[in-house]
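In: Please find the sequence and the predicted model below.
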Amino acid sequence: MSHLLTVRPPSRRLLAALVLAAAFLGLGAPVVGAHAEHEGPLPVVDVVDVVEVNGFLDPVLVGMMADTLESLDPSETVAVVFQVDSTASVVPDSEILRLARLIVGSEVTVSFWVGPSGARATGSIAQLVVLGDDIGIAPGARLGSFGDPILPIAEFGTPLATAALADLRDATVGYEEAVRRGIARPAPVLLEQLAGVPGFQMETVVGEEGDTVQPVTTTRFRQLDVVDQFFHTVASPAVTYLLLLIGMGLLLFELYTAGVGIAGAIGAGCFLLSTYGLGVLPARGWAVALLVLAMLAYAIDVQAGMPRLWSGIGTVTLVTGSVFLFDGPSFSWITLLVGVVGTVMAMVGGMPTMVRTRFSTPTIGREWMIGETGSAVERLAPNGTVTVREAVWRATTNRATPLEPGDGIRVVAVIDLWLEVEPIEGAARDYRRRDGGS
């Protein structure tokens, strides 16, 4: 007679206890009733890298582009897409040649998108764009103005590059013409650019409100880190120019204050940052010297307390140095207007007032000025300017005794930032009583 051994399945409480014990002890063995979500190696997810190329091609931006191309992994990356909005280069031609060889020799697809609307790809970056495996352009964007060829035709003489360099050396094409001529394909937005990249997968998702198309391939955006982005911004012509003017202006301001204050520290920082930009950008040395001369000219009249001949000389040299500051890439007329007008207003209007306020502060006492003599700079009837101990002051006098330029004056009172003066000879008695006198 045989006996059958009956094995009962573990109860739910027992299973729960085993699971908790395994979790507590960190056991790696599978638990009865547990199911692994993934068996074997995780699936490889295809990636498309998107790199924004915005602004002049400077060492920071070129370095990021080169690092991206050198670090591409063909087993993971389907393509790299450079989103381009750049009009000039400030790096040596050897750096452009290095990028061109990395683009042509890349094992993955290198795509360029001139977008979004309003973007420009001209100069050196345009010569790199036509070397790409895939080129797209957005409505409102323009491509061309290649300039003199930098890349050897024998090495990079693709049909598109050769035709574009010959036909568009000094001209650009827009969206419709670029598409019609086969230079680029239509890509109004980044997603459409990605959808046209070989290997980029899309899927249609059916929903209650209609079908939608969604990307399957992962998009990974690469950008400059905070420090690199900061120096890339500083090296733009407009920022470098404004930092230079602000830095010199604040340093000049600091000359008329006691000690080293916040203005001096900020001015020194702006000036040092501007020197970095001037070193990266093709700045003309004589134009920089003119801007420094302009500040020195303004300083002479600031010390005098009113705009004179040196202010005119400073304005002329300021405008000349600003217009010719950079050889090639420059800034907009709006930046030029802000820099010139702001500097002139600060030096002609603001700084002299600041100097008078600084040296008329009550913390150093002004009683010594009462009784001091000087001369009228302009007609006082009753208000004008006078000089006392070679410093220019705003002054007022009695209407009964107007003063002509050059007349001798005597200070009788100081009220706020104004001096009350009278002629040295023939002064009229004011009906107001001063100091208890009659």
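Out: Sure thing, it's come through. Treat the numbers as computed from the prediction; the structure is a model and nothing was measured. Numbering: from 1, shown residues only.
In: Which residues are in contact with G136?
Out: Going by CB atoms under 8 Å, 6 or more residues apart in numbering, G136 touches S111, F112, W113, V114, G115, A184, R185, P186, A187, E192, Q193, G196. All C-beta atoms are positioned from the backbone trio N, CA, C, and that covers glycine.
In: Let me know the pLDDT of the second one.
Out: Meaning F112. For F112, the pLDDT comes out at 97.
In: so it, which of the three states?
Out: strand (DSSP: H, G, I helix; E, B strand; the rest coil).
In: List the buried residues in the host helix or strand of F82.
Out: Secondary structure assigned from DSSP states H and E places F82 in strand 77-85. Buried residues in strand 77-85, counted by 16 or more other CB atoms under 10 Å: T77, V78, A79, V80, V81, F82, Q83, V84, D85.
In: so how far is V110 from the fourth one?
Out: Looking back up the chat, that one is V80. V80 is 6 Å from V110, where distance means CB to CB, to the nearest Å.
In: and if you look at the last one?
Out: According to CB to CB, D85 stands 17 Å off from V110.
In: Return the distance of the helix or strand in which E155 is found from the chain's centre.
Out: Assigned by DSSP H and E, E155 belongs to helix 153-156. Its chain's C-alpha centre and that of helix 153-156 lie 36 Å apart, by CA atoms, centre = their mean, to the nearest Å.
In: which neighbours do V80 and V110 share?
Out: The contact lists of V80 and V110 share L69, where a contact means CB under 8 Å, 6+ apart.
In: which regions of the stretch 201-350 of the chain sit below the pLDDT cut-off?
Out: 257-260, 304-305 (pLDDT under 70).
In: which stretches of it form strands?
Out: Along the stretch 201-350 of the chain, the stretches classed as strands by DSSP state E, counting those that start in this stretch are 202-205, 212-215, 218-222.
In: Parallel or antiparallel, list what pairs with the last one.
Out: The strands beside strand 218-222 in its sheet (DSSP bridges) come out as strand 47-54 (parallel).
In: buried sites along the host helix or strand of L99?
Out: In the assignment (DSSP H and E), L99 maps to helix 93-104. Going by neighbour count (16+ other CB under 10 Å), the buried part of helix 93-104 is E95, I96, R98, L99, A100, L102, I103, V104.
In: nearest to V227, of those?
Out: E95 (20.1 Å; CB to CB).
In: And the closest one, how far from S89?
Out: For E95 relative to S89 (CB to CB), the value is 8 Å.
In: mind listing what the residue nearest to G123 when sequence neighbours are not counted touches?
Out: Nearest non-adjacent residue to G123, counting by CB to CB, 6 or more residues apart in numbering: A88, 4.9 Å away. By CB under 8 Å, 6+ apart, the contact list for A88 reads F56, L57, T122, G123, S124, G328, P329.
In: hang on, the earlier thing: can I get the buried residues of strand 77-85 in JSON lines with distance to T158 and pLDDT?
Out: As requested, the buried residues of strand 77-85 are exported to JSON lines (distance: CB to CB, whole Å; pLDDT from 0 to 100):
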{"residue": "T77", "distance to T158": "23", "pLDDT": "93"}
{"residue": "V78", "distance to T158": "22", "pLDDT": "93"}
{"residue": "A79", "distance to T158": "18", "pLDDT": "95"}
{"residue": "V80", "distance to T158": "18", "pLDDT": "96"}
{"residue": "V81", "distance to T158": "19", "pLDDT": "97"}
{"residue": "F82", "distance to T158": "17", "pLDDT": "97"}
{"residue": "Q83", "distance to T158": "22", "pLDDT": "97"}
{"residue": "V84", "distance to T158": "18", "pLDDT": "97"}
{"residue": "D85", "distance to T158": "23", "pLDDT": "96"}
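In: hang on, the earlier thing: could you give me the buried positions within the helix holding E155?
Out: Per 16+ other CB under 10 Å, helix 153-156 contains these buried residues: F156.
In: ok, now stretch 338-346?
Out: For stretch 338-346, by 16+ other CB under 10 Å, it's V338, G339, V340, T343, V344, A346.
In: I'd guessed the last one sits against G249; true?
Out: Yes. Contact between A346 and G249 holds when scored by CB atoms under 8 Å: they sit 5.9 Å apart.
In: Check whether A138 really touches R120, as I assumed.
Out: No. If you go by CB under 8 Å, A138 and R120 don't touch, sitting 11.2 Å apart.
In: what residues are shared contacts of the two?
Out: V114.
In: Looking at those two, which has the bigger crowd around it?
Out: A138 (22 against 19; other CB atoms under 10 Å).
In: residues touching the more buried one, list them.
Out: So A138 contacts W113, V114, G115, P116, S117, A119, Y175, A187, P188, V189 (CB under 8 Å, 6+ apart).
In: and the last one, how many residues sit next to it?
Out: If you count neighbours by other CB under 10 Å, V189 ends up with 15.
In: ok, it to P215 distance?
Out: Taking CB to CB, one finds V189 at 13 Å from P215.
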